[in-house]
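What would the 3D arrangement of this be:
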Amino acid sequence: MDKNLQIPGHYIVRYQTAPVVPAPFAHFYTLKLDIQSAEELLIDFDIVYNDRIELTDDEIYDEGFTKDDDYRWKGTLPAVWISEFREIFESSKTIRKREESEYEDFIEIELDENDKRVTIYPVDKERWSYFLQEMMQAIFETAGREKPFELTYVDIDNDSKLTIDLKASFGQKEFTLSKNAGAPRKLHWDQLQKIMDTVYKAEFVADNASESIPTKRGKYLTAGDGLWYQMGVAVLETTSKSKDLAKIEALFNTLSKQ
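Predicted coordinates for the structure are as follows:
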């Protein structure tokens with residue numbers, strides 16, 4: 001088949017979590033992409049969380065979900081997502097035969113080919129799962145359901161204070177850093193996942209966090225939720241042998257010099 005993205009073109013991506021994924025995490029969604037032009041992308045998105053009937057309300061809430069997580073949205077995403085979809089679509093190996101595995105997410109793409117609708121299946125499912133996760137985040141952000149990503153690191157010493165503000169917009173796919181309230185500068189998007197993996201590997205203890213902006217000596221993190229987590233007090237090692245805090249400090253030390 002012609003693997004070039006068609007513009008205008010109408011694509012339908014269907015996704016379902018692997019059968020081994022339990023409720024309340026298990027879900028499936030349909031993502032319709034109506035590419036009107038190189039600059040206009042219309043989205044029709046519909047997500048449903050399944051297999052929750054046997055769970056209590058507390059079991060759902062304890063995992064960070066609500067009883068109203070199903071969601072539908074129609075709207076327009078920025079043109080950058082046409083480029084992103086083109087890149088993964090044109091570089092992916094696909095097959096025509098439906099394959100399902102208990103341990104793998106299910107992904108299929110419906111599209112036009114020679115005046116008829118056909119369905120293909122990406123072989124690199126992990127790559128597609130991550131891409132779709134980012135695109136879903138862009139939808140939630142554009143729809144106003146979630147805020148852009150924010151993370152601030154503050155290092156207060158006896159005679160100095162370092163502040164690093166990180167902001168990421170999934171909608172625009174832009175990642176910026178601002179040092180000591182200076183002008184923001186762009187970082188490579190791929191750095192975002194590495195930073196999140198490093199920071200959130202540590203254990204964050206909300207009960208030990210503070211609502212007050214820090215003034216005393218120490219290193220602190222806040223993610224835009226109004227709580228300040230002091231390293232070693234509210235940000236803790238996951239095990240007795242882990243080096244999570246040292247890695248976080250090294251990360252922001254590197255970022256401060258970029």
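
going forward, measure contacts and count neighbours with C-alpha atoms only.
OK.

okay, and for this structure, where does confidence drop off?
Low-confidence segments of the chain (pLDDT under 70): 1-2.

Try it again at 90.
Within the chain, the stretches with pLDDT under 90 are 1-4, 54, 98-101, 114-115, 158-159, 224-226, 240, 257-258.

Show me the helices in it, by range?
57-62, 80-91, 125-142, 190-199, 244-257 (DSSP state H).

Can you tell me which of these is packed in deepest?
helix 125-142 (a mean of 17; mean count of other C-alpha atoms under 10 Å).

and the closest residue to E211 other than its chain neighbours, what are its phi and psi?
Distance criterion C-alpha to C-alpha, 6 or more residues apart in numbering; nearest residue to E211, sequence neighbours excluded, is L227 at 4.8 Å. L227 adopts backbone torsions of phi -110, psi 140, taken as degrees, to the nearest 10.

Verify the stated contact: L227 with S210.
Yes. Applying C-alpha atoms under 8 Å, one finds L227 in contact with S210, separated by 5.5 Å.

Just to check, P19 is in contact with F106?
No. Using C-alpha under 8 Å, P19 is not in contact with F106, being 9.1 Å away.

of those two, who's got more company?
Per other C-alpha atoms under 10 Å, whichever of P19 and F106 has more neighbours is F106, with 21 against 15.

contacting residues for that one?
Neighbour list for F106: 14-18, 100, 125 [criterion: C-alpha atoms under 8 Å, 6 or more residues apart in numbering].

now what about stretch 32-42, what contacts it?
7-13, 43-45, 74-79, 81-82.

Quick check: closest non-adjacent residue to Y153.
Counting by C-alpha to C-alpha, 6+ apart, the residue nearest Y153 is L221, at 4.7 Å.

thinking again about what came up before, could you provide the contacts of F106 in JSON lines, with additional columns for distance to E203?
Listed next are the contacts of F106 as JSON lines, based on distance: C-alpha to C-alpha, whole Å:
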{"residue": "R14", "distance to E203": "34"}
{"residue": "Y15", "distance to E203": "31"}
{"residue": "Q16", "distance to E203": "29"}
{"residue": "T17", "distance to E203": "26"}
{"residue": "A18", "distance to E203": "27"}
{"residue": "E100", "distance to E203": "35"}
{"residue": "K125", "distance to E203": "30"}
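
Counting only strands, which of those residues make the cut?
Counting by DSSP state E, these place 14-16 in strands.

L33: neighbour count?
Other residues lying near L33 total 20 when counted by other C-alpha under 10 Å.

Can you give me the distance of it to M196?
According to C-alpha to C-alpha, to the nearest Å, L33 stands 28 Å off from M196.

what do you get for S91?
For S91 relative to M196 (C-alpha to C-alpha), the value is 26 Å.

got TSV for the helices of the chain, with distance to V205 too?
Formatted as TSV, these follow (distance: least, C-alpha to C-alpha, whole Å):
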stretch	distance to V205
helix 57-62	15
helix 80-91	36
helix 125-142	25
helix 190-199	13
helix 244-257	14
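
Good, wrapping up.
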